[in-house]
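J.: turn this into a model:
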Amino acid sequence: MEPASRNDNMVIVGTNWSSGAASVRERRVSEQSSRLEPLVGLRLAYRAGADSPRHCLGHVPFRRASGDYVDCTNRPEPGSRKCASCAIVDATFASNLHHAHTRGQAELDPAVVEHLAQPNVLYVAAFRDLSVKVGTSTEVRAHKRLAEQGAWRAVLVARADDGVSVRRIEDAVTELLDVPQSVSMTRKLEGMVRPRRDDAIEARLDQLAGDVVELVGRSGDPALVGTRTRWSFPGSDDDLWSNLHPYPLKLESGAHDIEVLAACGRLVVIGRPGADDRFVADLGRLYGIELDIGDHRPDALAVQDSLF
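T.: Here you go, the predicted model:
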């Protein structure tokens, strides 16, 4: 595949799984609006560095009338990937949503109340290093939510007609079963490089799911219904996810010529022209950095760096 044709520099502002497959949201710096392109098959020949301009990542609005993404051409605040305005929108929505089950409805933004008034699920997810987490999602987005987080296996363990009860039980799972509500990107990446066996991941997850379903039953909340719906990352049987090396260069600096071969969340399997090795990297390292697209000679890969 030839490098993508660009007339000017570009910015990657995120990845998106809303269609069920991985897309990359990108914007040319001369344009006001971003667009979604298939992530798998994307060829990037570029140069970047500490002096490359940074761009705000925009935000996801919590009022549906505003669409599913709002572009922003502002510069981010120092030490942030977002401008002050977009950061405030994100923080306001996250605070309302995270604390919805501890506040009265009158204290919440009407858009958050609307968001919560739809079926929600509680899930436990596992990653390839055996890390686990508990989380919630609207029922209609559950599988997409798991894919965008880079989960390898998951079990939907409870359902409710609204998002309040599942958030209460989510906190209980964290407090009583010591299950975190997030897993670091470092651990997700480590799992791709040194994965545990799938049967070990499934056994760990099944045990945890049983404990959570039991806790749901003991909660006495009539709004919660225990379930045991299993989910697997759709690409988990692809050989592209085996025998991976960590990409030995920093994506955010230097010159690169790479092609995305597969994606899981924002982790990508990448190849380089003329190289047989497959590498895994966190595409998020590029978010918001202005990429100088062109026919640059890529930096050499040190042989020892491509090995474990």
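J.: show me what the lengthiest strand in the chain is packed against.
T.: Assignment by DSSP state E gives strand 254-264 as the longest strand of the chain. Strand 254-264 is packed against strand 43-48, strand 267-271, with contacts defined by 3 or more Cβ pairs under 8 Å, 6 or more residues apart in numbering; DSSP states H and E. The C-beta positions use only the backbone N, C-alpha and C, and glycine is treated the same way.
J.: next one: it to chain centre, how far?
T.: On the basis of Cα atoms, centre = their mean, to the nearest Å, strand 254-264 sits 17 Å off its chain's mean C-alpha point.
J.: tell me the angle that strand makes with strand 267-271.
T.: 120 degrees (axes from the mean of the first three to the mean of the last three Cα atoms, to 10 degrees).
J.: what residues sit buried inside strand 254-264?
T.: 255, 256, 257, 258, 259, 260, 261, 262, 263, 264 (16 or more other Cβ atoms under 10 Å).
J.: pLDDT value on the last one, please?
T.: Per-residue confidence for residue 264 comes out at a pLDDT of 98.
J.: surely it is in contact with residue 241?
T.: Yes: under the criterion of Cβ atoms under 8 Å, residue 264 makes contact with residue 241 at 7.3 Å.
J.: follow-up on the earlier one: which other residues reach the longest strand of the chain?
T.: 1, 3, 15, 22, 39-49, 147, 150, 152, 192, 233, 235, 238, 240-241, 249, 268-273, 278, 283, 296-299 (Cβ atoms under 8 Å, 6 or more residues apart in numbering).
J.: for stretch 112-119, same thing?
T.: Outside stretch 112-119, the residues within contact range by Cβ under 8 Å, 6+ apart are 62, 64, 93, 96-97, 100, 105, 108, 138-140, 159-164.
J.: repeat that with 7 Å
T.: 62, 93, 96-97, 100, 105, 138-139, 159, 161-164 (Cβ atoms under 7 Å, 6 or more residues apart in numbering).
J.: run through the strands of the chain in chain order.
T.: With DSSP E as the criterion, the chain has strands spanning 10-16, 23-28, 35-38, 43-48, 120-126, 132-138, 153-160, 225-232, 245-246, 254-264, 267-271, 279-282, 290-293.
J.: would you mind measuring from the closest residue to residue 33 other than its chain neighbours to residue 142?
T.: Spatially, and ignoring its direct neighbours in sequence, residue 33 is nearest to residue 71 (5.4 Å; Cβ to Cβ, 6 or more residues apart in numbering). Applying Cβ to Cβ, to the nearest Å, the value for residue 71 to residue 142 is 27 Å.
J.: quick revisit: what do residue 264 and residue 241 both touch?
T.: residue 235.
J.: which stretch among the helices and strands packed on strand 254-264 is buried most, on average?
T.: Mean neighbour count (mean count of other Cβ atoms under 10 Å) peaks for strand 267-271 among the helices and strands packed on strand 254-264, with a mean of 23.
J.: cool, thanks, talk later.
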